[in-house]
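Novice: My questions concern the predicted model and sequence given below.
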Amino acid sequence: MEQSDLRSPTDDTRIDFEGELNAAQYSAVRSLDGPHLVIAGAGSGKTRTLVYRVAHLVLEGVHPESILLLTFTRRAAQEMLRRAVGLLDERCHRVSGGTFHSFANITLRRYADRLGYSNSFTIIDRADCVDMIGILRTEGGYERRGKRFPRAETLLNLFSKEINTHRPLEDLLEADYPQFVDDLDALAELRTKYSDRKREHNVMDYDDLLVNLRDLLAEHPAVRRQLTSTYRYIMIDEYQDTNRLQAHIGALLAASHRNIMVVGDDAQSIYGFRGANFRNIIDFPQIFQGCETLLLEQNYRSTQPILDLSNAVLKKAREKYTKRLFTELEGDDKPVLLRTTDEYTQAEYICNRVLALREEGVPLQEIAVLCRAAWHTNSLELELNNRNIPFKKFGGIKFVEAAHIKDVCALLKLAVNPLDAAAWFRILQFFEGIGPKTARGLADGVVADGGSLDSLAAAKLAKRKYGGDLVALKRLLEKIGKPRQPLVERLDTALETYQTWMPKKFDDAPRRIRDLEALAVIAERYSELEAFLTDIAIDPPDFSRPAAVLGADSEDEWMTLSTVHSAKGLEWHTVFLVQMNMGRFPGYNSLQDADDYEEERRLLYVAVTRAKRNLYLIKPEEQKGRGGYFEVAELSPLVSEIEGLDELVDDETYAPTPEEDSWQGDEGADANAEQIQRIQDYFG
């Protein structure tokens with residue numbers, strides 16, 4: 001948590017900047033002309049610094065309208081200016097603040113005619129973009145070429161990612177959609193048609209706002225000079241998250257006067273997959289030579305042992321601005337490197353510790369479990385459910401709510417309960433020629449026939465386009481439904497077939513395979529299919545009344561499960577960082593690319609610096625490998641390569657001792673027999 005504003009003075013000439021800021025913040029706030037790069041370490045009061053600088057510029061006689069504050073969310077800009085008004089006065093409301101996209105919209109409303117648009121252009125949302133691409137896709141007959149072609153939504157994702165990551169379409173296809181690599185020429189053609197259609201209709205999508213603003217500034221010097229004379233002081237927040245387009249826009253806006261301050265943390269540049277460009281913050285001094293670089297290193301969030309570990313994480317970073325986070329907060333508990341038997345023991349430990357913390361007075365909302373990928377908490381979600389510990393998940397949907405997991409569970413449900421009309425409705429629509437109406441009719445037919453699968457092989461259906469599919473489905477369900485077959489084998493049979501169906505429904509089918517592997521791991525704990533389906537929680541439970549954990553006055557309390565990406569900017573009293581293994585954090589793919597590996601290192605830094613008081617790095621000793629078999633897990637190299645690790649963490653092992661079962665053994669049997677007889681004698 002950043003420092004709170006100490007005062008809201010009525011006399012604007014009496015703000016005690018030097019007394020209310022630390023030395024580094026004060027130096028950044030007092031800077032005026034020229035380029036400035038402020039490297040703000042995690043929890044170092046970045047927002048406070050920007051707020052005070054706005055007030056200082058106004059006090060120095062800078063017209064508020066000539067200050068431009070660019071942020072990544074409208075809320076962030078509004079909050080900064082609200083705080084500046086409270087610190088100084090209403091003049092700060094006249095500062096131009098907003099997102100890159102909102103600034104682009106305002107600017108293009110004045111100059112769109114320079115780019116061949118009318119100034120009355122409209123902005124289309126994502127749904128409209130998908131619809132437009134869908135129309136072009138149909139008009140061009142791309143689907144009628146005898147093979148599958150990407151869906152409209154996938155096409156929009158591709159075109160947007162190409163713009164924001166500045167990567168060639170061919171590279172994106174090879175990385176994310178290799179099944180469509182042969183369609184490169186057709187995709188490029190459709191992309192051009194999409195661009196032309198938008199211009200014909202005088203509409204822009206979200207990405208066009210940035211592209212067109214960049215083009216306006218770069219290709220129309222008179223407009224650029226007018227804008228740079230209007231906005232004399234540029235400030236950009238979270239600069240490490242800017243993409244190439246945004247950095248280019250910022251540089252062009254400050255090209256004439258060079259009065260630009262960018263604030264960010266190179267060590268928190270973790271959104272490369274969205275287009276954020278690490279080089280923007282690293283190369284800023286090259287673009288604006290002679291810039292002053294300032295470091296904010298005093299942390300107001302975490303204890304020193306946590307900061308010592310975070311500093312050590314960055315020590316081997318290939319490129320960085322060297323800084324050392326320090327704090328004046330009290331606390332000397334070291335982070336814990338905890339080794340568990342497997343991911344189930346990991347889940348058990350976390351639940352036990354969470355309940356203990358709750359008893360110690362730590363609210364659930366001050367506790368978070370962070371993971372590298374959303375699927376890493378699959379087993380934990382089930383254990384939290386079983387313990388009635390409420391949670392909310394961010395950075396991905398809950399495991400049991402994912403469409404592909406629901407599909408597999410629906411298939412398994414039909415094997416044990418062919419009267420489940422909802423499951424039929426879900427599965428039948430995988431087959432060509434079966435839409436919602438036909439699926440309902442077929443499902444009703446099976447139910448009316450008492451759940452007999454014979455109706456799927458009825459003669460009247462044999463001549464239909466999907467007749468053969470229904471017969472194959474009948475055989476599959478009969479095979480899965482064999483009661484004495486081990487559950488793992490039944491699930492393997494279901495998954496083998498389902499994976500052949502997935503491309504019909506998901507353009508990103510390869511990315512979903514990992515979840516199916518996790519489902520198979522969970523199934524190994526069960527012998528009965530019915531028990532497995534019950535515990536997998538096909539219909540997610542209602543966590544609104546977790547009475548087993550919380551009192552009646554705390555119904556809305558919940559802990560957080562989040563990917564590290566979604567946790568950036570947040571903080572918790574206690575943080576559990578799970579699956580600290582090779583192949584999990586970092587993933588295997590990042591080991592093949594030096595830049596990707598460095599981003600994984602920065603991601604670990606972000607994760608560590610979310611903790612205020614307690615930090616647990618958990619390493620299961622066993623994990624399921626790529627081939628589907630269990631293997632001994634190696635500690636994440638991001639952790640093992642930290643110099644002085646033994647001094648920075650407490651290395652512990654969790655191996656729960658099984659409770660003695662009172663009903664086992666001769667004595668237990670005799671004692672139970674005596675108790676039963678005593679009850680019978682008493683109650684007659």
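Specialist: Yes, it's here. These numbers come from a predicted model, not from an experiment.
Novice: Residues in contact with stretch 436-453: which ones?
Specialist: For stretch 436-453, contacts defined as Cβ atoms under 8 Å, 6 or more residues apart in numbering pick out 417-419, 421, 424-425, 428-429, 434, 455-456, 470, 474, 477-478. (Glycine included, C-beta is placed from N, CA and C.)
Novice: average model confidence for it?
Specialist: What stretch 436-453 shows for mean pLDDT is 82.
Novice: likewise stretch 136-143?
Specialist: Here stretch 136-143 scores 85 as its mean pLDDT.
Novice: Show me what counts as buried in that stretch.
Specialist: For stretch 136-143, the neighbour count (16 or more other Cβ atoms under 10 Å) marks 136-137, 142 as buried.
Novice: Then stretch 648-658?
Specialist: For stretch 648-658, by 16+ other Cβ under 10 Å, it's 648-649, 654.
Novice: which residues touch the residue nearest the centre of the chain?
Specialist: A centroid search over the chain (Cα atoms, centre = their mean) returns Gly395, at 3.1 Å, as the residue closest to the centre. Gly395 is in contact with 374, 562-567, counting by Cβ under 8 Å, 6+ apart.
Novice: Equivalent analysis for Ala175, please.
Specialist: Listed by Cβ under 8 Å, 6+ apart, the contact set of Ala175 is empty.
Novice: before we move on, what about Leu184?
Specialist: Neighbour list for Leu184: 169-170, 173 [criterion: Cβ under 8 Å, 6+ apart].
Novice: quick one on the thing from earlier: redo the buried residues of stretch 648-658 as a markdown table? Include pLDDT and secondary structure.
Specialist: Formatted as a markdown table, the buried residues of stretch 648-658 follow (pLDDT from 0 to 100; DSSP: H, G, I helix; E, B strand; the rest coil):
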| residue | pLDDT | secondary structure |
| --- | --- | --- |
| Leu648 | 97 | helix |
| Val649 | 97 | coil |
| Tyr654 | 93 | strand |
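Novice: Longest strand of this protein, counting residues only.
Specialist: In the chain, assigned by DSSP state E, the strand with the most residues is strand 611-620.
Novice: Quick one: mean pLDDT for that strand?
Specialist: So the average pLDDT for strand 611-620 ends up being 97.
Novice: next SSE after it?
Specialist: Once the chain leaves strand 611-620, the next helix or strand it forms, by DSSP states H and E, is strand 622-624.
Novice: Would you mind pulling the contact partners of that next one?
Specialist: Contacts of strand 622-624 (Cβ under 8 Å, 6+ apart): 341-343, 517-518, 521, 579, 581, 583-584, 630-633.
Novice: now with 6 Å?
Specialist: 342, 521, 581, 630, 633 (Cβ atoms under 6 Å, 6 or more residues apart in numbering).
Novice: who does that strand pair up with?
Specialist: The sheet places strand 622-624 alongside strand 630-632 (antiparallel), with pairing taken from DSSP bridges.
Novice: what sits up against stretch 53-61?
Specialist: Outside of stretch 53-61, the residues within contact range by Cβ under 6 Å, 6+ apart are 29, 64, 67, 84, 87-88, 91-92, 95, 233.
Novice: is it true that His404 touches Arg512?
Specialist: Yes - between His404 and Arg512 there is a contact under Cβ atoms under 6 Å: 4.8 Å.
Novice: coming back round to it: quick one: which of the contacts of Gly395 is most hemmed in?
Specialist: Among the contacts of Gly395, the one with the most neighbours (other Cβ atoms under 10 Å) is Ser562, at 25 neighbours.
Novice: Could you tell me how many residues sit around the residue lying closest to it once chain neighbours are set aside?
Specialist: Spatial nearest neighbour of Ser562, chain neighbours left out: Phe394 (4.2 Å); criterion: Cβ to Cβ, 6 or more residues apart in numbering. Using other Cβ under 10 Å, Phe394 has 16 other residues around it.
Novice: and Ala42, how far is that from Asp595?
Specialist: To Asp595, Ala42 is 21 Å away according to Cβ to Cβ, to the nearest Å.
Novice: Could you list the low-pLDDT ranges of the stretch 51-200 of the chain?
Specialist: 144-146 (pLDDT under 70).
Novice: All the helices of it, in order from the start?
Specialist: 74-87, 100-111, 126-139, 152-165, 169-176, 184-200 (DSSP state H, counting those that start in this stretch).
Novice: can you give me the end-to-end distance of stretch 67-82?
Specialist: Stretch 67-82 has an end-to-end distance of 15 Å (Cα to Cα, to the nearest Å).
Novice: returning to that earlier point: ok, the contacts of Gly395 vs Ile389, which is closest?
Specialist: Ser562 (15.4 Å; Cβ to Cβ).
Novice: Shouldn't that closest one be within a strand?
Specialist: Yes - Ser562 forms part of a strand when assessed by DSSP: H, G, I helix; E, B strand; the rest coil.
Novice: ok, the residue nearest to Gly116 when sequence neighbours are not counted - how many residues close by?
Specialist: Among residues not flanking Gly116 along the chain, Arg199 sits closest, at 6.4 Å (Cβ to Cβ, 6+ apart). Using other Cβ under 10 Å, Arg199 has 14 other residues around it.
Novice: Please tell me how far Arg199 sits from Arg110.
Specialist: Distance, Arg199 to Arg110, by Cβ to Cβ: 18 Å.
Novice: for Thr99, same thing?
Specialist: Thr99 is 18 Å from Arg110, by Cβ to Cβ.
Novice: Looking at those two, which one has more neighbours?
Specialist: Of the pair Thr99 and Arg110, Thr99 is the one with more neighbours under other Cβ under 10 Å, namely 18 against 13.
Novice: Is the more buried one bridged to anything, and to what?
Specialist: Assessed by DSSP bridges, Thr99 has beta-bridge partners Thr71.
Novice: Look at Ala42 and Asp595 and report which has more neighbours.
Specialist: More crowded of Ala42 and Asp595, by other Cβ under 10 Å: Ala42, with 23 against 13.
Novice: Check the contacts of Gly395 against Ala152 and report the nearest one.
Specialist: Ala374 (24.9 Å).
Novice: Please report how far the residue nearest to Ser562 lies from Leu370.
Specialist: Distance from Phe394 to Leu370, by Cβ to Cβ: 10 Å.
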